[in-house]
Structure formats: structure tokens, C-alpha cells
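Peer 1: need coordinates for the following:
(chains A, B and C)
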Amino acid sequence: MTVSSTISSTTTSAATALQLEGISRRIGARTILEDLDLTVSPGECLALLGPSGCGKSSTLRLISGLDSPDRGRILLGERDITALPPARRQVAMVFQSYALYPHLSVARNLSLGMEIRGVDAATIARDLDAVLELLQLGELRQRRPADLSGGQRQRVALARALLRRPQVFLLDEPMSNLDAQLREELRPQLRAILCGGGAPVVYVTHDQQEAMGIADRIAVLDAGRLQQCGTARELYHRPATLFVAQFIGRPQINVLQEPDGSLLAVRPEHLHAVREGGLQVRVVSREWQGASQQLQLDTARGPLRWVCDGGRSIGDAVRIAWEPQHEHRFAAGGRRLTA
Amino acid sequence: MPASPSAQPIASQRGQNPRRWTLVALLLFWSLAPMLWQLYTSLRTPDALLGGLAAIGRGWTLANYGQILSSDPPFWRYLLNSTLVGVGTTLLTLLLAIPCAYALQRRGGLQRQLVDGALLVAAAFPSVLLFLALLQLARQFGLANNLLALCLPYAGLSLPLAVLLLEAAFAELPRELEESALLEGFGLWQRLRWILVPLLGPAVASTAVLVFLFSWNEFPIALTWLSRSELLTLAPAMARIAGSSVFSVPYGAFAAATVLGSVPLLLLLLVFQRPIVAGLTQGAIKG
Amino acid sequence: MGVVLIGPALLLLLLVFLWPMASYLWLSFHAQNLFTDLQPVPVGMLNWHRLVLDARFWQDAAQTLRFALVSVSLELGLGLAMALLLNQRWRGRGLVRSLTLLPWALPTTVMALGWRWIFNDPSGPINGVIAGLTGSTLPFLASPSLAWLAVVFADVWKTTPFVALLLLAGLQMIPADLYEALALEGGSARQALLRITLPLLRPYLLLVLLFRLAQALGVFDLIVVLTGGGPASSTESVAGYAYLNAMRFLDFGYSATVMIGMFGVLLLLGGVLLLVLRRPARA
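Peer 2: Numbering: from 1, shown residues only, chains lettered A, B, ... in the order given. Model prediction:
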């Protein structure tokens, strides 16, 4: 029994998967998305992660039908919805700005859509009460969006999405208008409300922590191309491309040029000091971060980052090394080379 | 980006500034004195008016208003006609301009730039040039001496400005609002009815007032389309009064007519000053 | 869907703007007057020859142009001053702004009638003041050299608030930090006006100039009521002449020719102004 199913006994949780097949989109000469394949299972939460302009928001707009792809198919279960107009796709989207109707009260914001869709008054009243209670919005029902805090607005937007009884939930950076602390508090709540029901959830963010905290799987996009899709653990331990290796994990992974032209990458937290052997380094600067400290190192093979817990100071000369199983090797083009 | 209201040259510091207050007083005198003079004239008997300031204590009268309100047709008839035409024109213009502005705004690109340019030219076009051809249309279709038919050319002439202003207002609305409604299953008319037009409230109000103002003031077309005196709108009625010798100098009844003809618009402007300024500002930016 | 949304408006626009101009063009090659029993008869270039040789048309054109240039210049100057004053922050600014806008809302014909009384000789208030100062009065509306000035005065009075309103909108778009930055560098208020305000206001000035010029060249209502075109047609405008030809002389062919001629002049003037004024704005 999921939270969203309590809203209405008639929730259409037909448990259908969302599938994108070979989706491409161009605007003029610019490639927005190139040959994108993705599958999101019923109840699964997939995060689309990448830098701004990577195509993650475009993907949402294609799924919702606000834009249409130049090539490829979008499937909901067995049904091809590529050509279906957005109003008939039964998807719910939470926009970055929340897109609440500023001239309507919270209750009106939530009920208007149901009225338009021809839901009968009794159901509207019942669902409205249920969702207001679920998201603790009961006392705010007569307020206008302008009188709500950022977190409250987000809850209203979520409530509106739930009332759509969608076959897919789409969320476009729903946390980016909130302050850092609130974001962390809201993550579990958001997950509890949306995920695990019948509908697939696609969650767009540029924040890897958020993606790891909320999503079951993460799809990393760069320049319109899917780099890798997997669990946070897979992305961290076996990045498929240099881009993923560098995008996932903070501080950023160290990259060393190998004599054969390939690239060797080791995470700063995987370095450790050794008495002899290894690499001779000198501490150039340091940032104290409480439980650990982050050092900038100068080495014969170029600068390195090192996260350690010891009390090193600037100017110290140390020898460092790493375990072979922590090495990631990439071809010059960025593709992963070995296991 | 709308700048803060503090956008101002450095010269303006707070505190008393005698030069500024002199200028403000001058400005107010310049703007209001002619109107106040009309009001004063309208309330004076002819003798008192010619008597100058010495006669200030006596000679106040409402007879001038009585005279124009009891003439044939009474003056309020013109006001009523103008109001009727104004309301009809405003409704028709909005009905046509809102969907048109919406569609143009959503279109974008070079096409829209061309259309906007053409609309700007049409908005600046001196409409007096059109009266002859429009008169021929009126004759052809039997539209002369029909107050509601007058709304047709008036709406046509108001459309360019109305569409430009509303287009600018549509552009200001966040796109997600409409997209959100679209995903919720709203049809086009439902989006306009429930989301877009309510949010455009101020812009619609200012456009409406501007259209009403235009219609209230329009002269050449009213002059040529209307000939029956009980159908005249205010502007041709004023011209007819001016051309007639019914009212003799010194103008007491004329002044009463100008006061009565002005008051509705002045009230409208004072009530809607804020949206008018906001609407014109928006339009000017885009234009 | 676009057709349903745009179609009706477009149809009306074509009917009201394009059709008249097309019909005038057609009519300008036809005689349609009392001699032809008000039926159009093709006459080739006859109307156009007449227009070129028509001294009254050229006199009216010169008068209209003079009126437009003088009144629009005054309106821009005064309107800018007014906008600068209203853009400063002082108590009661909102109310003063509303009150100064009032003349613009008055119907032209209404106020023109008012001006007739204000300019009256000898009983009008202006002549009252002049008589008090000099002992004699001025025949504002009866003298050709003064009548056109009275028309300019009335037009400036009515239209300056509108110019000020649009320029005020432009002024409020200028970010305050530009002025603050200049002040920190020791710039004077004069420099602020010349270096910041005027250059950034340029597109607004251009827009207002073109808009007002087109409207002023079409001046009609004001003159009809204030002077009736007199004395001795010294204040007659081109639009007034076209009206006279159509409605008094019932010479529709020639009236249409006059209007097309005026439209041509308008286009020419607008084009030249755009070319001259637009280019440096990019710098």
C-alpha cells in the first residue's frame, strides 16, 4: 500500500513501464538529444543527472508531450504515446518553478484540473481533503501561492501532480528553489510520496547527492547523450565513461595521463600514505572539512586531490599510493577500458 | 527587467527642494488650469463671466447645464450614445484581440516580427485617412446611422494597439503556467478562460480603457457615419455645437458641455491610472 | 487552430486598413464627383496632375508639416522634462502623475471647444491677462499668424502627457546602479542626463517621435472645432482638405488622391526618419 494510492480508490495504477527508444531531438543544427534509450519500471524512480544543457529537461518535455522527438518512440506499457497530445498522456509534471496558478487559492489550484477533466464534485471534495491532509496543507487551503513558503509551494505542486493520477510522474529540479537544509529534509518525504506506487517516476536534477538520495537508478547525460544508467553504487564504482567518473563523487576524481595515451583515474578518498614506493608528493594547500581534510598535492605527474583524516600541513612531503582495485582506466576518448 | 522605482538621476535628493516644487506647481497649473477654467465658466452667468474677478461673489448658476440638458436632443443622449459605442467597441476588440495576441505570441520567430512591425505601423497610422473608404463601406452595407455598426470600424482601428499590448502581456506570463494546465488536460479555450486571461487582468483592463478612450474620442468616422442628431456620439455632437450659433459668446453652455463630456473619461482614467500606465509601459518595451 | 484565433482579427484589419488604401489607389485614377453623377469614371492621371498643380494642397501640406514638426518637437522637449520630473521621487508623485495625464484623456473635440473660449478675443482668459499687462488684446483665432500657434498650443497641451508617460516608462527601465556608478566616479547630474539617460532613452524617443509625427500629420478634429481651418484656410490640414473635397465638394476621386498623396508623404518621411535615426542607436 503506497501513500499515493490512499488518495483515491480509483487510482489508475495499472503498473506500466515507461520506455524511450532511440529518441533524438534537434533544434536547428543543435543536437539536444541523440539516440536515447531508457526504461523506467513501474514504481521505480529514475534520476536524470547531468550539467545544465545536457538534455535532461528536454527529455522530460518529450515524455510529457510538450515537445516532440524527431526520431524514436515513447512507450507506456505496450502503448506508443509518441504522437499523443500532452493533455491525453496522463502524465503529471512538477515544474522547477512549481507553476502554481497565482490567481487561485491552494484548494482551487488543486481542484480546477479535476473539474476540467470532468471528475464529479463528490470525488473532487474527497480527493482534495485526502491530498491536503497527506501533504499537511489543510490549513493553507485558502491561501494564494504568493503567501506560501518555498516548501509549501512544492507540496502544493506535488499534491496537484498526485491528483492527476498520472501514469508517469515527471519532476524537473523540484528542489532547486529551496535552501540546502530544507532539501535534505524533504528528500525522504518526496520519495515516500511519489515512489513505489504504480507509476514510474522521472526526476531531473543536476545535484548528484539529490539523485543518489532519491532515485533507484541514475541516468547520467552529457551533451544529449546517455553516458551511463545504473544504481548510484554502480556509477561510483564502475563509471562507464570518464565523464561519469568525473561527474559522480566529490571532490572530483584524479585523472593521470599514462605513457600509452590512456587515462588513469583514482578517487581522492582512495589515496593513502605509504612509507616507501608510491608517488612522491608535496602538500600545496588544504581545506579542513571536519571529519576529513581535502589536500591539493603537487606531484611529478601533475596536481592531485587527496581526502584524508590525518593532520598534514602545507609544505609536507609525503609518499602516496592506492590499491589496484580502485584504479579506473579510460581510453583517450573517455570510454572505460577494463573491468 | 523592471527596474526599481528608485531609478532616478542623482540630482534628486530627499528633503525640501524649492525649485522642484515650483516646477510641480507649474506642471499642475499647466495641466489643470484649462479644465478648471471650463468648470468655472460653466458655473457662471454670462454677465458674471464678463465682470471678471470683481464679480466673484455673485452670478453662480447651474443654468448652463440646464440649457444643454434640456436642448433637443438633450446632451446626455450623446453621452449615452458614446458609452454604448465605447462598450461595444471595447468588448468586440478584446474578443478579437485576445485570441489573436495569444496565437501571435506563441508563434514567435521572424513571422511574428513582421506581423508586429505591420501592427506598429497600423497603430501609428492616422486613422482620419480611412474615413472615405469606410464611409463607402457603410453606404454599401447600410451601416450608416447605426450605433452598433460603428463598433466595427472602431474595433478594427483599435486592434493593432490592443494586439500589441496584449501580446506583450502574454509574453510576460511564465510559459510553465500554461504547460502545466496543458498537462492537466485543459483545452485551449479552458486555458485562456481559467488561466491566461485572469492572469492578464491588468493588461486586459488597460487595453480596454485605451480602446474605450479611443472610441469615445473618435471623430471623423462618427462624423461621416452618423447624421441623425439623436444618434450622434459626443465628438460629432461637440463639433455640431461648435459650428452652430445656438450658443452665443460667452460660452457658458459650451463649457458645461465640455465638462459633461470630460467627466466620464476623467473618472475612468483616475480609477484605472495604474493598469493603464503598467499596460502602456509593457507595450512600449516590446514595441 | 491558428486560423481560428487570428483569422477574425486579421479579416477586420484588412477590411479597415488595407481595403481603404487599395480603394483610394483605384479611385485616384477615376473621377467620381457631381459631374459624373457620383459614378466612378476612369480618367487616367487627371487627379494626379490636378494634385501636383493644386496650390491649396501644397499650402495645406506645408501648413500640416509645419504644425507637426513644431508641435511634436515641443511635445518631446516638454514631455521629456515632465518625465524627468515625475521620475524623481517625491511625496505626492503618484497623484500628480494621474492629474497631469488628464488632458490626454479628454476628447479632442471637447477640449478644442474649450480652447476656443480660452483664446477668445476679447473675453477669453488669456486675453484677459494680456489686456491687463498691455492694455490691448490679441486676435488669436482671427489672425493667420496666431491661429496656427493656437492650434499648436492646444495640441501640445493635450498630447504632452502621453509623450511623458511613454518616456517615463523608458526612464524606469534604466537601472539605478548606472547612476550610482557615475555618481561614485564624480559625475554631475548634467553628465548623467547626457551620458546615461538620453542614450538609453533613445529607442523610446524614436518610437514616440514616429508615432506622434504620424498622428500630428493626420491632424483633423482639433482644427475642425478650434478654427474650422480658418482664417482663410490658414490652419487647414491635408486631412481637412481631403474631408472638404469628399464631403463638401463631393469629389471623391480627388479626395482619395489627396489621401494617397498624403500617405505617400507619410511613408517617405517615416522611412527617412528611421534611416537617419536608427543607425547610430546600434553604436
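Peer 1: which element is the closest residue to C:Met247 other than its chain neighbours on?
Peer 2: Spatial nearest neighbour of C:Met247, chain neighbours left out: B:Thr224 (6.8 Å); criterion: Cβ to Cβ, 6 or more residues apart in numbering or on different chains. All C-beta spots, glycine's among them, are computed from the backbone N, C-alpha and C. For B:Thr224, the host element (DSSP states H and E) is helix B:220-225.
Peer 1: how far does that helix sit from the chain's center?
Peer 2: Distance of helix B:220-225 from the chain centroid (Cα atoms, centre = their mean, to the nearest Å) equals 17 Å.
Peer 1: now do stretch A:214-226
Peer 2: Relative to its chain's centre, stretch A:214-226 lies at 7 Å (Cα atoms, centre = their mean).
Peer 1: coming back round to it: ok, the residue nearest to C:Met247 - how many residues close by?
Peer 2: Residues lying near B:Thr224 (other Cβ atoms under 10 Å in any protein chain shown) number 20.
Peer 1: how near is it to B:Leu232?
Peer 2: Distance, B:Thr224 to B:Leu232, using Cβ to Cβ, to the nearest Å: 12 Å.
Peer 1: could you do A:Ala211 as well?
Peer 2: Counting by Cβ to Cβ, the separation of A:Ala211 from B:Leu232 is 72 Å.
Peer 1: now swap in C:Leu146 and tell me
Peer 2: Going from C:Leu146 to B:Leu232 by Cβ to Cβ gives 31 Å.
Peer 1: out of these two, which sits in the busier spot?
Peer 2: B:Leu232 (24 against 18).
Peer 1: model confidence score at the more buried one, please.
Peer 2: With respect to pLDDT, B:Leu232 scores 91.
Peer 1: what backbone torsions are found at it?
Peer 2: Main-chain torsions, B:Leu232, degrees, to the nearest 10: phi -60, psi 140.
Peer 1: how about the strands of the stretch 51-200 of chain A, start to end?
Peer 2: With strands called from DSSP state E, counting those that start in this stretch, the stretch 51-200 of chain A shows them at A:71-76, A:79-80, A:91-94, A:168-172.
Peer 1: could you take those and lay them out as TSV, with extra columns for distance to C:Pro161 and mean pLDDT?
Peer 2: Formatted as TSV, the strands of the stretch 51-200 of chain A follow (distance: least, Cβ to Cβ, whole Å; pLDDT from 0 to 100):
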stretch	distance to C:Pro161	mean pLDDT
strand A:71-76	57	93
strand A:79-80	61	92
strand A:91-94	47	92
strand A:168-172	46	93
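Peer 1: okay if I get those as CSV plus mean neighbour count?
Peer 2: Below are the strands of the stretch 51-200 of chain A laid out as CSV (neighbours: other Cβ atoms under 10 Å in any protein chain shown):
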stretch, mean neighbour count
strand A:71-76, 18
strand A:79-80, 12
strand A:91-94, 27
strand A:168-172, 26
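Peer 1: between these, which one is closest to chain B.
Peer 2: strand A:91-94 (5.3 Å; Cβ to the nearest Cβ).
Peer 1: which residues does the closest one contact?
Peer 2: Residues from elsewhere that reach strand A:91-94, judged by Cβ atoms under 8 Å, 6 or more residues apart in numbering or on different chains: A:60, A:63-65, A:154, A:157-158, A:160-162, A:164, A:166-172, A:174, B:179-180, B:183.
Peer 1: for that strand, the distance to its chain's centre please.
Peer 2: Distance, stretch centre to chain centre, for strand A:91-94: 15 Å (Cα atoms, centre = their mean).
Peer 1: distance between stretch B:36-46 and the chain's centre?
Peer 2: In terms of Cα atoms, centre = their mean, the centre of stretch B:36-46 is set 25 Å apart from its chain centre.
Peer 1: residues making contact with it?
Peer 2: Identification of contacts with stretch B:36-46 by Cβ under 8 Å, 6+ apart yields B:49, B:59-65, B:250-252, B:254-256, B:258-259, B:262, C:114, C:117-118, C:125.
Peer 1: so of those, which ones are in strands?
Peer 2: Among these, no member falls in strands (DSSP state E).
Peer 1: separate out the buried members of those.
Peer 2: The neighbour-count criterion (16 or more other Cβ atoms under 10 Å in any protein chain shown) marks B:49, B:64-65, B:250-252, B:254-256, B:258-259, B:262, C:114, C:117-118, C:125 among those as buried.
Peer 1: so what does A:Ala83 look like in phi/psi?
Peer 2: As for A:Ala83, its main-chain torsions (degrees, to the nearest 10) stand at phi -100, psi 0.
Peer 1: actually B:Leu200, not the one I wrote
Peer 2: phi -80, psi 0.
Peer 1: what about the residue nearest to it when sequence neighbours are not counted, neighbour count?
Peer 2: Nearest residue to B:Leu200 in three dimensions, chain neighbours excluded: B:Ala169, at 5.0 Å (Cβ to Cβ, 6+ apart). By other Cβ under 10 Å, the residues close to B:Ala169 number 26.
Peer 1: against chain A, how distant is B:Ala169?
Peer 2: Separation of B:Ala169 from chain A (Cβ to the nearest Cβ, to the nearest Å) stands at 14 Å.
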